[in-house]
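S.K.: I'd like to go over a predicted model; first the sequence, then the structure.
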Amino acid sequence: MELGLRERKKQRTREEIAAAAMELFRERGFDSVTVAEIAHAAEVSEKTVFNYFPAKEDLILHRGQEHTEALIVAIRELTPGGSVVTPFLRATEKLLDAVENEPVESIVAIPRLVMNSHTLRERLFLGWEQEAAALTPAIAEALELEPDDLIAAVMARTLSWTHRLIFRAAFTRLLAGEDQHAVAAALRVEAARAYDKLRRGFA
C-alpha cells in the first residue's frame, strides 16, 4: 500500500537523520559524536532525533529491527507446509546480492563502526536476543506449537545465526580486500549448503 504524504515526509526525515548521523560516525567514530551534533547536521532538534530513534545506537542498528519485522511477516505468509527456512534463505540471498552489487564501503561501514565501539557491540548482542525472542512465537505459530516452545526457540536462533555468520564471513572477506563478486559467489554456495542441511534436519 502506498504511503500517504504525512508518512512519506516522516520516512524522509528519518532517512535524512540516519544519513547525517552515518556521515558523522564514519568521519569520527560512533562514540565521539553527540546527538546534538547529529541534530545540527540534519537540521532538526534533538527531540526530533529521539522521536525517530529512541537511543543513539538505533541510528546505526535500526535496520536490524526492520530485518526482524520482515522475517516475521514472511514466516506468517508461508503457505501450508512451507518451510520456515525459506524466509531466512531469501533474506541471505538478498544480502549476498548486495554484497555483489553495492559499493563495498556501504556494506562494511556499519560492521566497522560496531567493531570499534564497545557500546555498539553490547547493544548488538542485546538486539540479537531480542530478535530471537520476536521470531520464536512466529516460528511456533507456523509449526503449530506453543508460542514459547523450546524447539521453536532453538530454530529461531539457529536460523538467525546462519544468516549472521554468512554476513560476518562476507564483510570479513571484503575488509581483507577480496573481490566482492567472488565473495558473493562463494557464499551463495555455502548458504545453499547450510540452509539445505537445516531444512532437512528441521523436517
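M.R.: Happy to help now that I have it. Residues are numbered from 1 along each chain as shown.

S.K.: so who does the most centrally placed residue in the chain touch?
M.R.: With distances taken as C-alpha atoms, centre = their mean, the residue of the chain nearest its centroid is residue 64 (3.3 Å). Shown in contact with residue 64 (C-beta atoms under 8 Å, 6 or more residues apart in numbering): 124, 127, 131. C-beta coordinates here come from the backbone N, C-alpha and C atoms, glycine included.

S.K.: Under the pLDDT cut-off, which ranges of the chain? List them.
M.R.: Scanning the chain with the threshold set as pLDDT under 70 gives 1-3.

S.K.: what are the ranges of the helices in it?
M.R.: Remark: helices of the chain, listed N- to C-terminal, are 5-28, 35-42, 46-52, 58-76, 85-101, 104-115, 118-142, 150-175, 180-202; assignment by DSSP state H.

S.K.: Let me see the domain layout of this structure.
M.R.: According to the domain assignment given by automatic domain parsing, the chain is divided into the following structural domains: 1-56, 60-202.

S.K.: most packed of those?
M.R.: The highest mean neighbour count among the domains of the chain, using mean count of other C-beta atoms under 10 Å, belongs to domain 60-202: a mean of 16.

S.K.: I'd say residue 138 and residue 78 touch.
M.R.: No - using C-beta atoms under 8 Å, residue 138 is not in contact with residue 78, being 9.8 Å away.

S.K.: So for residue 14, what's the nearest residue that isn't a sequence neighbour?
M.R.: By the measure of C-beta to C-beta, 6 or more residues apart in numbering, the closest residue to residue 14 outside its immediate chain neighbours is residue 52, 4.8 Å from it.

S.K.: likewise residue 96?
M.R.: Across the structure, with C-beta to C-beta, 6+ apart as the measure, the residue nearest residue 96 apart from its sequence neighbours is residue 184 (4.8 Å).

S.K.: Looks like the one you found contacts residue 100 (just checking).
M.R.: Yes - taking C-beta under 8 Å as the definition, residue 184 is a contact partner of residue 100 at 3.6 Å.

S.K.: which residues sit against stretch 119-129?
M.R.: Judged by C-beta under 8 Å, 6+ apart, the contacts made with stretch 119-129 from elsewhere in the structure are 30-31, 55, 57, 60-61, 64-65, 113-115, 160, 164.

S.K.: and of these, the nearest to residue 14?
M.R.: Nearest to residue 14 among these, counting by C-beta to C-beta, is residue 65 at 12.4 Å.

S.K.: List the contacts of that closest one.
M.R.: When the contact criterion is C-beta under 8 Å, 6+ apart, the partners of residue 65 are residue 127.

S.K.: ok, so what distance separates it from residue 55?
M.R.: As for residue 65, its distance to residue 55 is 12 Å (criterion: C-beta to C-beta, to the nearest Å).

S.K.: just residue 181 next, same as before
M.R.: Separation of residue 181 from residue 55 (C-beta to C-beta): 36 Å.

S.K.: what does residue 103 give?
M.R.: Distance of residue 103 to residue 55, computed by C-beta to C-beta: 28 Å.

S.K.: Please apply the same query to residue 164.
M.R.: Look at residue 164 and residue 55: by C-beta to C-beta, they are 21 Å apart.
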